[in-house]
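A.B. asks: Sharing a model prediction with you, sequence too.
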Amino acid sequence: MKKAILLTGLIGVIGVFTFFYYGKNTTETINPETYKIELSDYKNGEDIFITPQTLKEKLGTKDLVILDGNHPKNFAKGHIPGAINIGFKGLCRSAGKPGDPEWGTILPKKELTEKLQSFGITNKTLVVAYSDTFKGPGAGGRAVWQLRMAGLENVKLLYGGQQLWKTLGYELTKEASIPTTTTGLVLNDYDESFRATRTSLEQNLGKIALIDVRSKKEFTGDDTSRGEARGGHITDAVWIEWTDFLNKDATPKTPDEITTLLAGYGVKPEDDFVLY
């Protein structure tokens, strides 16, 4: 069995890592008609991704909601037309500070339902999430992970994020979108297989691989600027920075590259592992 699970509250770009564990990169070009993306080359690629070309065709259509995971300041500088800004923690508990119980975890189901309805989301809505990946980092992936955890299946991550969207010459706007509130959204009880808790991790130390995807200085404990109670990393964790899984254009690396990268740290595709 192959499974990558997430420690509660982690960087969200890796939240989508399970879905693109195998894939194929394309050659960068600014012409969207010749920039070919074969989502079928990715494991679950057609299920989890939407191409910039397809999203461009769907802009302005009914039952489409676009969630922008960028910082509000970056959102104000330019975003995909019709997008709603949710930031990095838009679907999370954010009261208190990092390290507090449940800080950074997904909102309770009732609160999440109300928030999503305020965005105009129903069970029939196509939800597309994105961010300017390297500036986020990866809040689009975090949103997809959380909404999938809540049972919404028609949720897609924009392939290449805002960076590829811009590279293909597609429009950005500074105009804010005002969503129409909906009712009747039904979420599932959260699928706990999507995340690892502190308790479950403690029970499995030494039995599963741990991958610390933060910066090198966070891993060593030299950087605690994000509110950590103390520096360092979990015992036996290996360090692979999250950006190592991506190309410079914010698209995922090839399957061979990812497999080789993980193999260098003793992690095989069939292994269970936790990312944080």
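C.D. replies: Structure's in. What do you need?
A.B. asks: quick one, strands of the stretch 1-150 of the chain?
C.D. replies: All strands of the stretch 1-150 of the chain, identified by DSSP state E, counting those that start in this stretch, fall at 3-7, 49-50, 64-68, 84-85, 126-130.
A.B. asks: Could you find the residue nearest the spatial middle of the protein?
C.D. replies: Gly141 (1.1 Å; Cα atoms, centre = their mean).
A.B. asks: Surely Phe219 touches Asp212?
C.D. replies: Yes - here Phe219 reaches Asp212: they are 5.1 Å apart, a contact under Cβ atoms under 8 Å. C-beta coordinates here come from the backbone N, C-alpha and C atoms, glycine included.
A.B. asks: what touches both of these two?
C.D. replies: His233, Ala237, Trp239 (Cβ atoms under 8 Å, 6 or more residues apart in numbering).
A.B. asks: from the residues you listed, which single one is nearest Trp145?
C.D. replies: Taking Cβ to Cβ as the measure, Trp145 lies nearest Ala237 of the shared contacts of Phe219 and Asp212, at 20.0 Å.
A.B. asks: Quick check, pLDDT for that closest one.
C.D. replies: The model reports Ala237 with a pLDDT of 95.
A.B. asks: so what's it up against?
C.D. replies: Leu210, Ile211, Asp212, Phe219, Tyr276.
A.B. asks: just Gln162 next, same as before
C.D. replies: Gln162 neighbours (Cβ under 8 Å, 6+ apart): Asn70, His79, Ile80, Tyr130, Ser131, Asp132, Thr133, Leu172.
A.B. asks: Residue ranges of each domain in the chain, please.
C.D. replies: 12-167, 192-275 (automatic domain parsing).
A.B. asks: so which of those comes closest to Thr181?
C.D. replies: That would be domain 12-167 among the domains of the chain, by Cβ to Cβ, at 5.4 Å.
A.B. asks: mean confidence for the closest one?
C.D. replies: pLDDT averaged over domain 12-167 gives 87.
A.B. asks: hey, where'd the helices end up in the stretch 51-200 of the chain?
C.D. replies: 52-58, 72-77, 109-118, 139-149, 161-167, 198-204 (DSSP state H, counting those that start in this stretch).
A.B. asks: that older thread, so which of the shared contacts of Phe219 and Asp212 is the closest to Arg148?
C.D. replies: Ala237 (24.9 Å).
A.B. asks: Could you report the neighbour count for Met149?
C.D. replies: 21 (other Cβ atoms under 10 Å).
A.B. asks: just use 24 as the starting number from now, easier for me
C.D. replies: Yes, from this point I'll number from 24; that puts the last item at Met172.
A.B. asks: With adjacent residues omitted, what lies nearest to it?
C.D. replies: Leaving out its chain neighbours, the residue that sits closest to Met172 by Cβ to Cβ, 6 or more residues apart in numbering is Phe217, at 4.2 Å.
A.B. asks: And that neighbour, how far from Phe268?
C.D. replies: Distance, Phe217 to Phe268, by Cβ to Cβ, to the nearest Å: 18 Å.
A.B. asks: Comparing the two, which shows the higher neighbour count?
C.D. replies: It is Phe268, of Phe217 and Phe268, that has more neighbours when counted by other Cβ under 10 Å, with 20 against 17.
A.B. asks: right, and that one touches Ile281 too?
C.D. replies: Yes - taking Cβ under 8 Å as the definition, Phe268 is a contact partner of Ile281 at 6.2 Å.
A.B. asks: so what's Ser216 scoring on pLDDT?
C.D. replies: 91.
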